[in-house]
Structure formats: C-alpha cells, structure tokens
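Visitor: can't give you the sequence, but here's the structure:
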C-alpha cells in the first residue's frame, strides 16, 4: 500500500512539471505583449517599459525560466499585481474557504447521490425509481449558475432563510457559516448528485444481478446485509472513481458560485485575477489548484486500491 | 440407504415468467419427492426448468415470476411463507451450491468473512469460535491448510477450490437438504470427480439429502439414487437409477443416455438429439418432445401425455412407455 502511494506520488511529478511549464508559458501565449495587456490601452511607452522591467520580461528566455523555477521551488509564486501581496499568501488565505465549501458540497453529493441511487435500484422500474431518475436528470440538466440564482430568489428574497451572499468563517460562528455556505454548496452539489445517483443506480442494478448476491441470499442473510454489505462494497469501487472526477468539477465550479454568492474563496480570487489580468496570481492559482487536484486524485486511487482486493494482490506480486 | 419419508415434496409446481406481459411457463406441473438422505438427480438439457425449480425451492426467483402449486419442506408449504420465514429456512435447513464457482463468491470479501458471517448469522457464537468452525468446515471439504486460506480472497483460489468453499458455506448449519445446481459443470473433469466424491461422502456422513442438478448422464450413473428427467419444464420420467438405465421408459431419457460419449465405442460423430426444445411461448399442443422423437406416432400430438405409473417408483410421461418397457425387457 505504501509502495503504491509512493509510486502514485512520483507519477504526479511530471504532471506538475507540465502544468507549471504551461503556467509559465502563459505570458508568451498572450497575443502581442504581456505588458500591453497588463497595462491596458491607456498605458504610455514608459509605463510599459516599467512593467517589462518589473516582470523581468526583458531578460533572456533561459534566465526567465530558471528564475521562475528557482522561485517556485522556494515556494515563491511572485507578487500579485492586484493585491500587492505575495501570491502564495493570498492563495493560502483563500483556500480553506473554498475547501470548506467543496467538502460540504461533496458530502451533500455523496449522501444524496448514494441514497437516491440505491433507493432507485432497489425499486427498479417502480414509481420511486422513476421519481429518483427524474430528479437526477433535472439535477444534471440545470446549469449551476442558474440554480444558484434561483436559490437566492427563492430562499433569500422570498423566504428570507439565508443571506443573499457573503461569508462568515466557521471559527467565528458555525451557524453563520452554515447560513452562508449552504446555498452555494447545494447549488454546486445538485449537478454532481444527479450524476452520482445515475451511476450508483446502474452499478447497483448490475451488482444485484450478480451470482454472489444470489449466494448471499441463499445463505439466508437478511436483505439489509445483502444490499448494505455485499452489494454496497462492490458498488463503492466505481463510485469512488467518479468521486475523483466530481471533486475536480466541484473545485472548478466554485469560481462561478463564489462570484455569485460573493464568497472570498479561491474561486472568486481566480475569477478576479483573470479579469484584472493579474498574471502572477493566475499562474500561482493554476499551479496550486492543479497540485491539489492531483493530490485528491491520488487519495481516490489509494482508496480504490484499499477497496478492491484484486488490485491489492496484483501489485503485491 | 434412505428412509421413505420425503423431506421435500413438490406438487404441481408451475412457474411463469413475466406474468404481466403474457404467460411464459418455465416449469409446468412438476411433482417429485426428495427423501431424507438420498441423492436425487434432476437431469435435462439447458432450459428444461431444472434451475428454475431449484430457485423456486429456495425462494430466489425474480420478483416478476408467479409460482403455483405446493413445495412442502418437512410437511410445511414454503411457498406460503413470508420473506422473513423463508430466510430462516435458507442456509439453515436448505443449502444451495451454484453452477458458477468463479462468480458465486463475493470478490471483495475474504473467504473467512463469507463463512464467518453466515455462521454468525445462524448461530450465536463469537468471531473466534466462528473462525474455528470455518476452519473445520474448510478442512471437511478438503481444502489444504485451511487456517491460512481464511484470509484469501476468492480470486486467489481455483474454480474447484471456490466450489469447495461454496459447499462449506452450504454445509454450515448441516442442512436437511442440499441443492447442487450443476456444481461440476464449470470445472475440469478431474476436479468434477473429486467434487462428486466429496458430495457423496458428505451425504453419507451427515445424512443430508442432495438434489443434484446435472445434464450429464455419466454423473447420474455414478452418484444418483433416484432420477427425475425433465424436458421443457415438465417431468418426463422418474425412477430409481438402475431402472432408468436398464429400462428407460421415455424416448428422451434414452436420447440423453445415447448422447453421453463412450470410450469403448469408436465413432466419428457424437450422438445428438436432433432439433431443439420448443419455445415455451409457442409450445406444441401434444407431447412436448414429439417433434424431436423418432418414435412419435399421430396420437403423440393430441393432448399433453399424463404421468403413467409403471412399476413401483417408476413413472413416465410417454404414451408409448409400456411399449418401450416391453422392448427393453425382451
């Protein structure tokens, strides 16, 4: 297991290298000159020259790339143009907020998706199955930004249960945190929950028709044990694989959702950075989001490894 | 050998698939007994209703099947039991082994866990005691170094070993009846013999009656006490094993016996029964075997033939049974 984890971590290195190379190359990929994009249309020639000097754009290519990587290895992602603070600090500040909402959203996805998926499978082709499938389809079809707006109209404007936006840290007031994060988390979760419902349902249906389920019933085990243990243990494998994908979608979806709900997370930070052409911040954000996604996928892979004894044995041989 | 009280007695069992969208009879009017401690073989081609009958006894048929008739287990009609009551009989009083050892064990649980959970489901014992009992059972079904095998997963075992584990699971509560649905079909010939011997030994040790489903007349000849031949969801012939081999009273039985390859006969071609089983949705009005039968006469296609009692326990659903018996006696 440890060997497997280490090998997965080693595999992540070339991927991270490629991502950082892309982040670095962004400056060169912009049509024209990075300085004119940053400076905007009103910048004078002197201003542009100053920007070039500050960003080291006048240096030879090999010096630029070596200093980029030297700084990267030292944990220095540069200074944000927009905030005037180090990029790393800004990212470290905002990450817990986004992570908190993502985990909240993921929990809603897992609970809702698994439960409805299993209920649908157990009532195959009956009314409950059709209702669950319909809800899953609605969840998949609704764009999350639209859902986010509808939730605001319904629960904030009409019912007044939740604030329309803003953020209260969990350490300040857990209830305030729940009030400000529930709607964003639900808006993010619904699409993924619909997806998970469908996957759980179809996997469960397949597993329930397997010979070993018949064996479990033939042993006289109760339906609860047959479904809750024998079937579920087999359903979890594809579900965990999908969870890795769902996590990455949740993180990228947070950009739109955080802007709508005015939450000062990583997503809205990145959104603002892109709009104000804050290159160092976009670069830093890209690298750190890629790194955290890679890490989460490794966690999922290791979990999968732990769930499926067939993979475990193969790698031991 | 066996006392005469039947522990399982099936009367006029009919199983229809998907009764909502038109009747599709899988088993019709099947009646037979299994007496305590005997080895009863149910023989027939694929699709003859053998497995469906077995699953009906276990109550494991899909939800959209309709069962009529009676299944009396120790005098109690189990078709009228609630799901909970049926669960008490399954695994405890009736055990079952399936055809596919490769897929019949849960791939993500260890052998030990699958044994221990069943033991602890039926008996109030500690995990330690259940593991000891699991080792005993694995030893009994001939698995070498059973204790170290407990923590193995099914995929680490061969098909034969897995089928032994299945037998061990089925034997946990020393059931009165063990249903073995083609337990050796998916296995090597060498392993087949070993497993049949094992089943036979277990039967004489524990007194468990075995209902062995097979399509192989060779297997029947080796282990059976009594034989029920099924064709297209109906019972074609029933008899003691010696009677059926010496005096088959149904052309289908003789057909099956001719199909078993013999080492002593050199012939370029294997024997077959020409044609195939009728589609249950469009079955012919007369004897279901008549279209494939060499001995069919006009009367065969007029009405379903009834079971005719010949001698003692011997019965056949062929209107020419007496003629066939007369022939083989000559």
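Guide: In hand now; what should we look at? As the structure is a computational prediction, the values presented were derived from the model and not from experiment.

Visitor: need the contact list for the residue most central in space within chain A.
Guide: The C-alpha lying nearest the average C-alpha coordinate of chain A belongs to residue A:251 (C-alpha atoms, centre = their mean; 2.4 Å). Neighbour list for residue A:251: A:98, A:102, A:267, A:289, A:292-293 [criterion: C-beta atoms under 8 Å, 6 or more residues apart in numbering or on different chains]. Using the backbone N, CA and C atoms, a C-beta is placed for each residue, glycine as well.

Visitor: please apply the same query to residue B:236.
Guide: Counted by C-beta under 8 Å, 6+ apart, residue B:236 has contacts B:44, B:229-230, B:250, B:252-253, B:289, B:316-318.

Visitor: and the stretch 201-317 of chain A, which of its residues are near chain B?
Guide: With C-beta under 8 Å from any C-beta of the partner chain as the criterion, the stretch 201-317 of chain A meets chain B at residues A:210-212, A:214-223, A:225, A:229-230, A:233-234, A:237, A:307-310, A:313.

Visitor: drop anything exposed from those residues.
Guide: Buried members of those, scored by 16 or more other C-beta atoms under 10 Å in any protein chain shown, are A:210-212, A:214-221, A:225, A:229-230, A:233-234, A:237, A:307-309.

Visitor: so what's the residue of chain B found nearest chain A closest to, chain neighbours aside?
Guide: Nearest to chain A, among the residues of chain B, is residue B:91, at 2.9 Å (C-beta to the nearest C-beta). Nearest residue to residue B:91 in three dimensions, chain neighbours excluded: residue A:220, at 2.9 Å (C-beta to C-beta, 6 or more residues apart in numbering or on different chains).

Visitor: find the nearest non-adjacent residue to residue B:185, please.
Guide: Spatial nearest neighbour of residue B:185, chain neighbours left out: residue B:99 (5.5 Å); criterion: C-beta to C-beta, 6+ apart.

Visitor: can you tell me how far the one you found sits from residue A:310?
Guide: Residue B:99 sits at a distance of 22 Å from residue A:310 (criterion: C-beta to C-beta, to the nearest Å).

Visitor: ok, residue B:128 next?
Guide: Taken as C-beta to C-beta, the span from residue B:128 to residue A:310 is 28 Å.

Visitor: circling back: CSV for the contacts of residue A:251, including secondary structure and neighbour count?
Guide: Formatted as CSV, the contacts of residue A:251 follow (DSSP: H, G, I helix; E, B strand; the rest coil; neighbours: other C-beta atoms under 10 Å in any protein chain shown):
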residue, secondary structure, neighbour count
A:98, helix, 26
A:102, helix, 24
A:267, helix, 28
A:289, helix, 22
A:292, helix, 18
A:293, helix, 17
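
Visitor: pick out the most distant pair among those residues.
Guide: A:267 and A:293 (13.5 Å; C-beta to C-beta).

Visitor: how about the contacts made by residue 285?
Guide: Because you didn't say which chain, this covers chain A. With contacts defined as C-beta under 8 Å, 6+ apart, the neighbours of residue A:285 are A:87, A:91, A:266, A:269-270, A:273.

Visitor: um, chain B though
Guide: If you count contacts by C-beta under 8 Å, 6+ apart, residue B:285 has them with B:301-304.

Visitor: check the stretch 1-150 of chain A for the residue nearest chain B and tell me.
Guide: residue A:124 (9.0 Å).

Visitor: tabulate the contacts of residue B:285 in a markdown table, adding columns for secondary structure.
Guide: As requested, these are arranged in a markdown table below (DSSP: H, G, I helix; E, B strand; the rest coil):
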| residue | secondary structure |
| --- | --- |
| B:301 | helix |
| B:302 | coil |
| B:303 | coil |
| B:304 | coil |
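
Visitor: ok, back up a step: just the buried ones among the residues of the stretch 201-317 of chain A next to chain B: which are in helices?
Guide: A:211-212, A:214-218, A:225, A:233-234, A:237, A:307, A:309 (DSSP state H).

Visitor: all strands for chain B, in order.
Guide: Using DSSP state E, the strands of chain B run over residues B:6-17, B:24-35, B:39-43, B:65-73, B:76-77, B:94-97, B:177-181, B:209-214, B:226-231, B:234-240, B:308-309, B:315-316.
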